[in-house]
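Engineer: got a predicted model here, sequence first, then my questions.
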Amino acid sequence: MKEKRGIILTGAIIGIISILLVMHGNPKNMGFCIACFIRDIAGGIGLHRAPIVQYIRPEIIGLVLGAFIISLQSKEFKTKGGSSPFTRFILGMVVMIGALIFLGCPLRMILRIAGGDLNAIVGLVGFVVGIFIGVFFLNKGFSLKRNYTLSNFEGYLFPIVNLLLFVLLVANFSMLFFSEEGPGYMHAPIWIALIAGLIVGALAQKTRICMVGGMRDMIMFKDSYLLSGFLAILVIALIGNIVLGNFKLGFTEQPVAHTDGIWNLLGMVIVGWGSVLLGGCPLRQLILAGEGNTDAAVTVMGYLVGAAIAHNFGLASSTEGASQYGKIAVFICLAVVLVTSLANCEAFSKEKSLSKANN
Amino acid sequence: MEKIDARGMSCPQPVLMAKKAIERSSDGIDILVDNNTAKNNVSRLLKNLGYKLEYKEEDESILISARK
């Protein structure tokens, strides 16, 4: 219990900050949503032109910089990369498409449950199923192979890019796209959002909090360390929503959500499965990218491109439900994750694993 | 006694590798990791299984020795 204190406190703080961000202007049940926010950034820099989801979300920048600063200070910043980067890019795209069919990353899924959105419970079922499938392949020897130490400059680039993006936002750079209505228009003031991101980024770096890791470790090792952070977010956000009168139990008329059960479920199967293969949820990938893991940075780029494609090709769901192309995309994404799982498994491929011990 | 190199492996593979190795050689294992996350995760698993741990820093990596 003692070693869990930090992560439970972190989860509680994330829950509180999420509620505060909604109070300051973020869309409901969207204090944090890594998938939605990266999607907004993709729109903000014009990679897609969906007019209601374009903004440069300072929360994302804060998460990366918070993790960067704290890891430099604790000397945990290490530039690593080279563990199947392009596979990670593709998986990142696929996870993002799955998240945009459900309308949220695993973190927002928890926040949606905490707001009484029962569609997110359906998503949770899919998420757990996806994680079980991912764990199955891990146990069969799935690996994206090891990473290698790279020059520090390579690791600094991702935080630097985030900092520059923040400068463009603050300078109100005229080529950026900003929504004038819809979720992209709803946001907390820049500095509040940045500070929220910095705090959560630092805490998440320290505790390694991860939504996917929580379920995965519980299933694989009966280890509840990461899961306790996940539960702390849920409990605190739930209490906060009830106290503030934001809790509304039901399927219909939930904020930025749809009621297409099967597609909510399958979207989160993709997110859970893909994220297990990647080694962490979108939040965790941002934190890792901030502490010098350039494979995670490549994954985030995959999210960004995945978000652009999801909106340009009309794959993302709306509050009306999943789109026609979105439904087709679900099966393509599942096929991509399956092939990736099989191709990188010792049990199914003839290649000798590099990771095997050499006695 | 088995010696494993889990450097550069991403979560949760170092733990998985340790778990598989300790099932094969229950007297103890040596496992080489290169970051704190892996060190903590592997340590937690091995401690929970009742092993005593010793650490040795080597350049950029940490050698964890687990013994009964």
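Structural biologist: Now that the structure is in, tell me what you want to look at. It should be emphasised that the depicted structure is a prediction, and the values quoted were computed from it without experimental measurement. Numbering: from 1, shown residues only, chains lettered A, B, ... in the order given.

Engineer: in a helix, A:Ile110, correct?
Structural biologist: Yes. When classified by DSSP: H, G, I helix; E, B strand; the rest coil, A:Ile110 is found to be part of a helix.

Engineer: show me which residues of chain B are close to chain A?
Structural biologist: Taking C-beta under 8 Å from any C-beta of the partner chain, the part of chain B that reaches chain A is made up of B:2-13, B:15-17, B:19, B:21, B:35-37, B:44-45, B:48, B:60. Heads up, the C-betas are built off the backbone N, CA and C, glycines and all.

Engineer: can you check the pLDDT for A:Lys2?
Structural biologist: Here the pLDDT value assigned to A:Lys2 is 77.

Engineer: excluding chain neighbours, what is closest to the residue of the stretch 51-200 of chain A found nearest chain B?
Structural biologist: Of all residues in the stretch 51-200 of chain A, A:Arg146 sits closest to chain B, at 3.1 Å by C-beta to the nearest C-beta. What sits nearest to A:Arg146 in space, not counting adjacent residues and going by C-beta to C-beta, 6 or more residues apart in numbering or on different chains, is B:Gly8, at 3.1 Å.

Engineer: count of neighbours near that neighbour?
Structural biologist: 23 (other C-beta atoms under 10 Å in any protein chain shown).

Engineer: ok, the most centrally placed residue in chain B - contacts?
Structural biologist: The centroid of chain B falls nearest to B:Ile31 when counting by C-alpha atoms, centre = their mean (3.9 Å). B:Ile31 sits next to B:3-6, B:14, B:17-18, B:21, B:42, B:63-64, B:66 when contact means C-beta atoms under 8 Å, 6 or more residues apart in numbering or on different chains.

Engineer: what about it, helix or strand, and which?
Structural biologist: Per DSSP states H and E: B:Ile31 is located in strand B:28-33.

Engineer: which residue is nearest the middle of chain A?
Structural biologist: Among the residues of chain A, the one closest to the centroid is A:Pro282, at 2.3 Å (C-alpha atoms, centre = their mean).

Engineer: CA atoms only: put the strand holding B:Ile31 into PDB for me.
Structural biologist: Once non-C-alpha atoms are left out, strand B:28-33 reads as follows in PDB (Å, rounded to 0.1, in the frame of the first residue of the first chain):
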ATOM      1  CA  GLY B  28      17.700 -17.300  -8.900                       C
ATOM      2  CA  ILE B  29      18.400 -15.100 -11.900                       C
ATOM      3  CA  ASP B  30      20.600 -12.300 -13.000                       C
ATOM      4  CA  ILE B  31      18.800  -9.700 -15.100                       C
ATOM      5  CA  LEU B  32      20.300  -6.700 -16.900                       C
ATOM      6  CA  VAL B  33      18.100  -3.700 -17.300                       C
END
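
Engineer: strand partners (parallel or antiparallel) of that strand?
Structural biologist: As defined by DSSP bridges, the strand partners of strand B:28-33 come to strand B:2-5 (parallel), strand B:61-67 (antiparallel).

Engineer: beyond the shortest one, next helix or strand please.
Structural biologist: Counting by DSSP H and E, the element after strand B:2-5 in chain order, helix or strand, is helix B:13-24.

Engineer: just the buried residues of that next one, please?
Structural biologist: In terms of neighbour count (16 or more other C-beta atoms under 10 Å in any protein chain shown), helix B:13-24 has its buried residues at B:13-19, B:21-22.

Engineer: wait, which of the residues you listed is closest to A:Ile38?
Structural biologist: B:Gln13 (25.8 Å; C-beta to C-beta).

Engineer: surely that closest one touches A:Ser143?
Structural biologist: Yes. If you go by C-beta atoms under 8 Å, B:Gln13 and A:Ser143 touch, sitting 6.1 Å apart.

Engineer: PyMOL command for the buried members of the residues of chain B next to chain A?
Structural biologist: The buried subset of the residues of chain B next to chain A, as determined by 16+ other C-beta under 10 Å, is captured in PyMOL by this line:
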select buried, chain B and resi 2+4+5+6+7+8+9+10+11+12+13+15+16+17+19+21+35+37+44+45
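
Engineer: ok, the residue in chain B positioned nearest to chain A - contacts?
Structural biologist: Relative to chain A, the nearest point of chain B is B:Gly8 (3.1 Å; C-beta to the nearest C-beta). Neighbouring residues of B:Gly8 by C-beta under 8 Å, 6+ apart: A:80, A:83, A:146-148, B:34.

Engineer: neighbours around A:Gly280, how many?
Structural biologist: A count of nearby residues for A:Gly280, using other C-beta under 10 Å, gives 27.

Engineer: now A:Pro255: how far from chain B?
Structural biologist: Noted for A:Pro255: a distance of 32 Å to chain B, by C-beta to the nearest C-beta, to the nearest Å.

Engineer: same deal with A:Glu3?
Structural biologist: Taking C-beta to the nearest C-beta, one finds A:Glu3 at 8 Å from chain B.

Engineer: tell me if I am right that that residue is in a helix.
Structural biologist: Yes. When three-state DSSP is applied, A:Glu3 is found to be in a helix.

Engineer: show me what contacts it?
Structural biologist: With contact taken as C-beta under 8 Å, 6+ apart, A:Glu3 is in contact with A:225, B:44.

Engineer: try it again with 10 Å
Structural biologist: The contact partners of A:Glu3, by C-beta atoms under 10 Å, 6 or more residues apart in numbering or on different chains, come to A:225, A:228, B:40, B:44.
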